[in-house]
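S.K.: missing the sequence, but the structure's below:
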């Protein structure tokens, strides 16, 4: 039961972090903030989906594939910001 509570707290924190980054993106229009916001929303949805499974397993390949996609968004945004054509 405690595991479900903690997963819910992590999901809520991910959604709140996504909202903060979305606000920063709205103010600056920097795509790095948008990538962080989308990544945190994906991670929050991933945690909620984990809660809805019959037997939640953090080691599932599907869960790690979604996490890999979310973190890849951040890496691509960082690379675009550092090596982009807008220098």
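M.R.: Nice, thanks for sending it over. These numbers come from a predicted model, not from an experiment.
S.K.: All the helices of the protein, residue numbers only.
M.R.: Assigned by DSSP state H, the chain shows helices spanning 2-28, 31-52, 61-83.
S.K.: Counting by contacts, list what the longest one packs against.
M.R.: Yep, that's helix 2-28 we're talking about. Secondary-structure packing of helix 2-28 (3 or more CB pairs under 8 Å, 6 or more residues apart in numbering; DSSP states H and E): helix 31-52. Quick note: C-beta positions are derived from backbone N, CA and C, even for glycine.
S.K.: With the flanking residues excluded, which residue is spatially nearest to residue 38?
M.R.: residue 73 (6.0 Å; CB to CB, 6 or more residues apart in numbering).
S.K.: Near the one you found, how many other residues are there?
M.R.: 17 (other CB atoms under 10 Å).
S.K.: Please apply the same query to residue 42.
M.R.: Neighbours of residue 42 (other CB under 10 Å): 18.
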